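Asks: for reference, the sequence and a predicted model appear below.
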Amino acid sequence: MKPMFKKEKADGNAPRSSSRGARAARAALQARVAAHAGKVQPISRAGSAAAHAPVGPAVSSQTAHVHVVQRDLVEDVFYPPHSPRTESTAYGAIHNQLVHTEDRPCVVCGVRSSTLKVPAQNRFGAAAMETHHAVIEWSLAKAVDLGKFNAEVVAKLKTQHPEEQVYRRAFTQSEMEAWIDHHPDNLVVLCDVHHRHRGVGIHAITGPIWGAQSLLLDCYELGSPDTLKAMRNMLGTK
């Protein structure tokens, strides 16, 4: 992954970025926090008030003073042999059902296929709706142990969906592979930004950071429109 920001010092102090894009991204986020002052409930402050003066009367020091942490992710994965990824007929049908028929929203930002062209409801400028293999990645299907799958995944889903007949017995190998490929319980709808963008996409950033995005304050988003634009300019992506 191309470095985005200068790394944070080991002592935890806020880093000094040498990147114009990083400074712009941080400034944009601080501006959004300032504009949001008075619109969110106060959060308990931590540390000295003198060192962490809030931007507005209802904005905490935690959100008023942001800093950037950059980590280089190097991922080496041994995938089992598999055919080139092509969309199966069953996957295409389920994708169409979730994205178009049911018009499900991106689980992070809430945009839908029907609202992609509505700027007010497409804050991150998504261009398409996609489906993500959430429980088990498709390319790892041949490496999944059937016994473990039945003991962990099927047993859990049987508890979560007692009405579903499919989870009342153990899966066969072919049934497991079909479930991984296209079952709705292994797919979540994401916009292309929160699926694949190098700044905020699930395939690009770590789980603890990605998973919190749907819960952040409106004034504090990892990829708000302003900061996302700055990141795109900095990374040379659209």
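Replies: Cool, got the structure. Values in this document were obtained by computation on a predicted structure and should not be read as measured data. Numbering: from 1, shown residues only.
Asks: quick check: domain ranges of the chain?
Replies: Each domain of the chain is listed here as a residue range: 1-73+219-238, 89-192, per automatic domain parsing.
Asks: avg pLDDT for the last one?
Replies: Put plainly, it is domain 89-192. Average pLDDT, domain 89-192: 96.
Asks: which parts of this protein are strands?
Replies: Ranges of strands within the chain are 129-133, 187-191, based on DSSP state E.
Asks: packed most tightly, which of those strands would that be?
Replies: Compared across the strands of the chain, strand 187-191 shows the largest average neighbour count, a mean of 24 (mean count of other CB atoms under 10 Å). Where C-beta positions appear, they are placed from N, C-alpha and C, glycine not excepted.
Asks: partner strands of that strand, with direction?
Replies: Partner strands and pairing direction for strand 187-191 (DSSP bridges) are strand 129-133 (antiparallel).
Asks: identify the residues contacting the strand it pairs with?
Replies: For strand 129-133, the external contacting residues (CB atoms under 8 Å, 6 or more residues apart in numbering) are 94-95, 98-99, 106, 111-113, 116, 180, 186-192, 195-196, 202.
Asks: go again using 6 Å as the cut-off
Replies: For strand 129-133, contacts defined as CB atoms under 6 Å, 6 or more residues apart in numbering pick out 95, 99, 113, 186, 187, 188, 189, 190, 191, 192, 195.
Asks: what sits against the second one?
Replies: The reference is to residue 99. Residue 99 sits in contact with 113, 129, where contact means CB under 6 Å, 6+ apart.
Asks: where's it relative to residue 128, distance?
Replies: The gap separating residue 99 from residue 128 is 9 Å, by CB to CB, to the nearest Å.
Asks: residue 137 now?
Replies: Shown here: residue 137 relative to residue 128, a distance of 20 Å by CB to CB.
Asks: who has more neighbours, these two?
Replies: Set residue 137 next to residue 128 and count neighbours by other CB atoms under 10 Å: residue 137 wins out with 16 against 13.
Asks: just the helices in this protein please.
Replies: 20-35, 61-64, 89-96, 146-148, 155-160, 173-182, 192-196, 207-210, 225-235 (DSSP state H).
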